[in-house]
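[1] sharing a sequence plus its predicted fold:
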Amino acid sequence: MRLSTVVAQVTPRILIYSATAGYRHESIPAATAALQQLGQQHGFAFDATEDRAQFNDNNLANYDALLFLSNSQEVLDDSGKQAFQTYLNKGGNYVGIHAASACLYNTTFYQKEVGALFDYHPELQPVTFLVLDKDHPSTTMLPDRWTYTEEVYNFRSDPRSVGAKVLLSVDPSSYNDTHVPSYNQGSPHPIGSAELIHCNTLYRSSS
């Protein structure tokens, strides 16, 4: 008798966490809806919450990845931070979008996961972005250069110093920044990085 094994396809589950304790981006609802729509198209299940109580061991174990979306300031209490760190230590995945680098400033493990923390950005304006690594799955569909109206984040450290690989940068001659940076964020200017994914674009709802 021949035995056959049927392997059920399991839909990856991702938790979008968009809580804010400071500045709140008006693009959060549009970004959440866009992610959920993309999930339906590509076989991912996105849940969304701003309830910090959902950061507990039992709940986080249900998710293949945690996606921080435009958060600000202290968006987790100590127990939530511990559950988050335990999740990562067990091999959980993290994705950060836009202002995800502007929260949990006093949490060392989070700084390592996000790569670098937000310092400031010049005014919203057209900027030319550069792809530094065309082989990464998140950049294969992008042109080598493209111009887009966006905020250019400056960071408090170089994400490469904690092992992140910078995937995107900007052409410094393509935009105006009158502020003198207070920190060394390395060169070329980091915009999107891996191995855990963080991208600081997508400020506007139309993005």
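    Arrived safely, thanks for sending. Small disclaimer: the values here were computed from a predicted structure and weren't measured.
[2] which helix or strand contains V95?
    Using DSSP states H and E, the element containing V95 is strand 93-97.
[3] now do the contacts for G39.
    Applying Cβ atoms under 8 Å, 6 or more residues apart in numbering, we find G39 in contact with 14, 45-46. Backbone N, C-alpha and C define where each C-beta goes, glycine included.
[4] just F118 next, same as before
    99, 101-102, 153-156, 200 are the contacts of F118 under Cβ under 8 Å, 6+ apart.
[5] distance to G91 and pLDDT added to those residues, as CSV?
    Formatted as CSV, these follow (distance: Cβ to Cβ, whole Å; pLDDT from 0 to 100):
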residue, distance to G91, pLDDT
A99, 26, 94
S101, 22, 96
A102, 26, 97
Y153, 28, 96
N154, 32, 96
F155, 26, 97
R156, 27, 97
N200, 25, 58
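[6] which one of those residues is nearest W146?
    Comparing the contacts of F118 against W146 with Cβ to Cβ places N200 closest, at 15.9 Å.
[7] distance between stretch 16-23 and the chain's centre?
    Chain-centre distance of stretch 16-23: 13 Å, with Cα atoms, centre = their mean, to the nearest Å.
[8] likewise stretch 137-145?
    For stretch 137-145, the separation from the chain centroid amounts to 17 Å (computed by Cα atoms, centre = their mean).
[9] return the list of helices and strands in contact with the host helix or strand of T128.
    Taking DSSP H and E as the criterion, T128 maps to strand 125-131. Packing contacts for strand 125-131, counted by 3 or more Cβ pairs under 8 Å, 6 or more residues apart in numbering; DSSP states H and E, involve strand 145-150, strand 165-170.
[10] check which element follows the strand or helix carrying I14 along the chain.
    Assigned by DSSP H and E, I14 belongs to strand 13-17. Note on strand 13-17: by DSSP H and E, the next helix or strand toward the C-terminus is helix 28-42.
[11] and that next one with strand 93-97, angle?
    130 degrees (axes from the mean of the first three to the mean of the last three Cα atoms, to 10 degrees).
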